[in-house]
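>>> fold the stuff below for me.
(2 chains)
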Amino acid sequence: MGEDALRLEEVAPAAFAARVAAAVEAGGRFGGLDARPDGAGGHRVRALVIAGAAPLLVATAARQGSVPGLRAMLGAADWDQREAHDRCGVRFAGDEPHRPLVAHPADPVAWTTPVSGEDVHQVAVGPIHAGVIESGHFRFHVVGERILHVDVRLFYKHRGLERAAVGCRPDEGLALVRRACAACAVANQVAYAQACEAALGLTPEPALRRQRTLMLELERLYNHLNDIGQACAGIGLAAGAMEFADLKDRMQRVNRAVGGHRFLFGTVAVGAGVAPADRAARAAARAEVLAVRDQALRAWREILFNPGARQRMRGTGRLGADAVARMGLVGPAARASGPAHDARTVSPRLWYPGFSPALAPEATGDVAARIEMRAAEIPPATEIVADLLADDAAPAPARAATAPGGVGVGWVESPRGETTCVVDLRSGRIAGLRLRTGSFANWPGVAAAAVGEILPDFPLINKSFELCYACVDR
Amino acid sequence: MLIKDLAAARRRAGLPRPGRRGSLALRHVDAGSCNGCEHELQSAAGPAYDLSRFGLHIVASPRHADILLVTGSVTRRMLEPLRAAHAAMPEPRLVAALGDCALGCGLLGHADELVGPLEQVLPVSIRIPGCPPSPEEIAAALRGVIASGRPGPTGG
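Residues are numbered from 1 along each chain as shown, chains lettered A, B, ... in the order given. Presented below is the predicted three-dimensional model:
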């Protein structure tokens, strides 16, 4: 039994919320909640809490379709509850009415937050946006330029990937998880592969753990470079946007040289690794990664000293550490408001010896701090990549370590924060799949950070989180 | 007259003759992609590939567009916004399927949520395969539209 052995607890409905909240209070991270038909006309609700590297699934039966709501004790569960309600009608007592999240009723009154007062009006944006970006809708409640509230309506790209996975073999399910999101493809697939392996009683050998860690950090690098460039684009700083777009493209060429694909598709398998690139390609990639880091840090310093960039980014879209904790935000966006969890510190199925998360130089919780976190995470990620590119060995398949348990949990620190995955297997086929990405955890933070700011700053605030729509919509 | 003068001035200066001249305005719609095609289209318009050198511009509204570049397996929820964007374009107009999902290759998802390949929704005349197509492939395919000089079908 490893340190990451899964614990399952079945509790009475009345005790469910308190049990989950107590596990979080004791230092665990909330990793999502979902509801499924129990096969007898009712539903089971299940929440994931991970304490260190020890996952805990707390399950209960929804009596008459209802369980006590978690929101008062655990704000992070809000979107999970709304999703569970939309998908199977489970209600969370005390938190009703549930505003639709996945469901798209035509009448705006049904899904927008009522905001009233003198001169309050709505500005509707999307689902199609002016730039080359993903589809999603924002409903701003404003007075003049001032944002009072934002209703984020996603799931326009809902493809039903998790439902489509039911009945698939684990390797077939991997293709569906990959399709969830290109920019988080490695993170999502590694979380999924870990969950499948845990359910099958498999443990990855060190060479496989190192290979996956290499791919995860390569993914982080091109994403972080992209995010800095996007933030520059958000304030019209063309020089920064172009510079970082170029650096991102260079890293994607490294991805192709090392992993055979610009988004590292095909580098993750369930229970196995892939053949590493040849020695010359890895040596060239190592030199390029170090050169990209040096150029990125030079370019970042120039942006820091650009008065326009400073003025737009500093103090904009501020979130305090208490708000971050209340909403359960994750990743660089959370760490920008103060010390916050980084899943790389508790990843026994990956390779992060002695890892400690980068600290925000100034944890001001604003756009500047969120972007600065990306810059701060580039050097340590570069070091990991440079170190792991020395590996020659083709990873051995994961070995059988424990008896198959039928349910497994995986988690990784994606570029946007901790992503969790829960897989249920029955007779070697997927019986249930839930992928909760860093983007899913952080969207409520975008809406909260926009409150009190002006409409023209919303694109910048949005880009300071740079969340995916695709891996929320699934 | 001015244009003739300009052409003469260029001949005297010995500047190379331009290739086939023309431009196309592109409007992108994400109809349910994994965001890979969006990243690569942005890169194609970015500093390394710079689509605008070839007269290819990404515009903010379908009202200004000649080509509708559609990515993704068309989801049920994006069907109406996609049709509205196409209807908003002036004629003549072309539709490009960008990436394997829009082309209906290896569509992934639940049948309840997907409409099907783009072709079943709009008249597709430009096909850019790949998962996702690289920025070079996107740039080459779109340059090909200008180079061929054919306006193509006007669409429905």
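>>> going forward, measure contacts between C-alpha atoms and count neighbours the same way
OK.
>>> assign a three-state SS to residue A:300, would you?
When classified by DSSP: H, G, I helix; E, B strand; the rest coil, residue A:300 comes out as helix.
>>> no wait, residue B:103
coil.
>>> just give me the longest strand of chain B.
strand B:24-30 (DSSP state E).
>>> partners of it in the sheet?
strand B:56-58 (parallel), strand B:67-71 (parallel) (DSSP bridges).
>>> which residues sit against the first one?
In this case it means strand B:56-58. B:23, B:24, B:25, B:26, B:27, B:28, B:45, B:51, B:142, B:143 (CA atoms under 8 Å, 6 or more residues apart in numbering or on different chains).
>>> what residues are bridge-paired with the fifth one?
So that's residue B:27. Residues in beta-bridge contact with residue B:27 (DSSP bridges): residue B:68.
>>> what is the burial count for it?
Residue B:27 has 27 neighbours, counted by other CA atoms under 10 Å in any protein chain shown.
>>> so what touches the helix or strand that contains residue A:440?
Assessed by DSSP states H and E, residue A:440 sits inside helix A:438-450. Helix A:438-450 has contacts (CA under 8 Å, 6+ apart) with A:76, A:147, A:149-152, A:317-319, A:324, A:327-331, A:414, A:416-419, A:458, A:461-462, A:465, A:467-469, A:471-472.
>>> and the following helix or strand past that helix, what does it pack onto?
Later in the chain than helix A:438-450, the nearest helix or strand by DSSP H and E is helix A:458-465. Helix A:458-465 is packed against helix A:206-234, helix A:367-388, helix A:438-450, with contacts defined by 3 or more CA pairs under 8 Å, 6 or more residues apart in numbering or on different chains; DSSP states H and E.
>>> and whichever helix or strand comes after the longest one, is it in reach of chain B?
Proceeding C-terminally, helix A:206-234 gives way to helix A:238-259 as the next helix or strand, assigned by DSSP H and E. Yes - Helix A:238-259 comes into contact with chain B when judged by CA under 8 Å from any CA of the partner chain, the residues involved being A:242, A:243, A:245, A:246, A:249.
>>> picking that back up, redo the helices and strands packed on helix A:458-465 as JSON lines? Include mean neighbour count.
Converted to JSON lines, the helices and strands packed on helix A:458-465 look like this (neighbours: other CA atoms under 10 Å in any protein chain shown):
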{"stretch": "helix A:206-234", "mean neighbour count": "25"}
{"stretch": "helix A:367-388", "mean neighbour count": "22"}
{"stretch": "helix A:438-450", "mean neighbour count": "24"}
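>>> wait, which of those is closest to residue A:268?
helix A:206-234 (7.2 Å; CA to CA).
>>> tell me if the closest one is near chain B.
No - on the criterion CA under 8 Å from any CA, helix A:206-234 is out of touch with chain B, staying 9.4 Å away.
>>> I'd assumed residue A:153 was in contact with residue A:101.
Yes - if you go by CA atoms under 8 Å, residue A:101 and residue A:153 touch, sitting 6.8 Å apart.
>>> separation between the closest residue in space to residue A:271 that isn't next to it in sequence and residue A:126?
Nearest non-adjacent residue to residue A:271, counting by CA to CA, 6 or more residues apart in numbering or on different chains: residue A:398, 4.9 Å away. Residue A:398 sits at a distance of 45 Å from residue A:126 (criterion: CA to CA, to the nearest Å).
>>> I'm done for today, thanks for sticking with me.
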